[in-house]
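> What follows is a predicted structure for the sequence shown.
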Amino acid sequence: SPIGTGSKDRDNLNNPERRYKDAVYKFINDNNQYKTSFITSALIKHLKVDKVVIVGTAKSMWEELYRYYSEKYVEICKMNNKEICEEFKFDINFWKELKEKVEKSNHKKLLITKDDLNKIGRVIDAYLKELNPNATGGSKCMIINYGINDKEIWNNFDIFISIIDELNDGDEVYLDITHAFRSIPLFMYLMLEFIQNLKIKKVKLSGLYYGMIEIYLSKELEYAPIVDLSPLFEI
């Protein structure tokens, strides 16, 4: 699932942080609805996934991803009357540090470290396992280049191919192509086709999802349909 830069809530002067807009997401032929700012959260609940791989650039809103899932982890622990692990609770100092690193980064300068990304991945795993105790975990956050020249494009190709290491024979893969640069979903799609054509791993594309949030924001519908485009991949 790709993550973009979001937008600041300029109407809320007390909280001008970057966020995705809340939406009510709904899968076709399913009555359940999921109100969230991250479509990934709706996919996690609906599909009961084992782990999540999040990709974005140096300017993506990693601090918001961390805040969202650390708070959701605490929320679900309280609902389940479970003990809350201090490691996964929202750490405002880490959030501020992450936010500052993102703001000072650009396509030539990356300040976010692997340790930063690993911590976010562990928080997502903690949330996943509270939803589904059988989840294997192993979620990862990966930073790619903007892809504005040949060198960056090939670097991104190498990064996406490295995701193969996260897959095992027999795995089912779900791709979310809702957010971020349009080039990122294209890379994700090509990566999966590359894997299948070369028979590197025996994996199955079980869903290629796009959340039509614009329909919800324009109030044309009371929900944002989550459309599965995987039939196009099969064709």
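On my side now, so go ahead. Predicted, not measured: the structure shown is a model, and the values here were computed from it.
> So which residues of the protein form strands?
Secondary structure of the chain (DSSP state E): strands at 7-8, 18-19, 23-27, 33-36, 53-56, 140-143, 172-176, 204-211, 224-228.
> Switch these over to a markdown table; also include distance to Glu75, mean pLDDT and mean neighbour count.
For the C-beta atoms, the positions are set from N, CA and C on the backbone; glycine is no exception. Formatted as a markdown table, those follow (distance: least, CB to CB, whole Å; pLDDT from 0 to 100; neighbours: other CB atoms under 10 Å):
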| stretch | distance to Glu75 | mean pLDDT | mean neighbour count |
| --- | --- | --- | --- |
| strand 7-8 | 24 | 67 | 12 |
| strand 18-19 | 17 | 76 | 18 |
| strand 23-27 | 18 | 94 | 21 |
| strand 33-36 | 12 | 94 | 17 |
| strand 53-56 | 20 | 94 | 23 |
| strand 140-143 | 21 | 94 | 20 |
| strand 172-176 | 22 | 92 | 19 |
| strand 204-211 | 22 | 90 | 19 |
| strand 224-228 | 22 | 94 | 18 |
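> possible to save those as a markdown table with distance to Lys89?
Output for the strands of the chain, formatted as a markdown table (distance: least, CB to CB, whole Å):
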| stretch | distance to Lys89 |
| --- | --- |
| strand 7-8 | 25 |
| strand 18-19 | 20 |
| strand 23-27 | 26 |
| strand 33-36 | 20 |
| strand 53-56 | 20 |
| strand 140-143 | 18 |
| strand 172-176 | 26 |
| strand 204-211 | 29 |
| strand 224-228 | 30 |
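> among those, which is nearest Phe187?
Between Phe187 and the strands of the chain, the tightest spacing by CB to CB is seen for strand 53-56, at 8.3 Å.
> list the helices and strands that closest one packs on?
With contacts defined as 3 or more CB pairs under 8 Å, 6 or more residues apart in numbering; DSSP states H and E, the packing partners of strand 53-56 are helix 114-131, strand 140-143, helix 183-198.
> who touches the nearest residue to Glu71 once chain neighbours are set aside in this structure?
Leaving aside its chain neighbours, Glu71 sits nearest to Phe90 (5.6 Å; criterion: CB to CB, 6 or more residues apart in numbering). Shown in contact with Phe90 (CB atoms under 8 Å, 6 or more residues apart in numbering): Tyr66, Arg67, Ser70, Glu71, Val74.
> Emit the ChimeraX select command for whichever of the residues you listed are buried.
In ChimeraX, this line selects whichever of the contacts of Phe90 come out buried by 16 or more other CB atoms under 10 Å:
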select :66,67,70,74
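> tell me which of the contacts of Phe90 is nearest to Asp30?
Glu71 (25.6 Å).
> could I get the contacts of Phe90 as CSV with pLDDT and distance to Lys204?
Output for the contacts of Phe90, formatted as CSV (pLDDT from 0 to 100; distance: CB to CB, whole Å):
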residue, pLDDT, distance to Lys204
Tyr66, 96, 31
Arg67, 95, 33
Ser70, 97, 32
Glu71, 95, 33
Val74, 96, 34
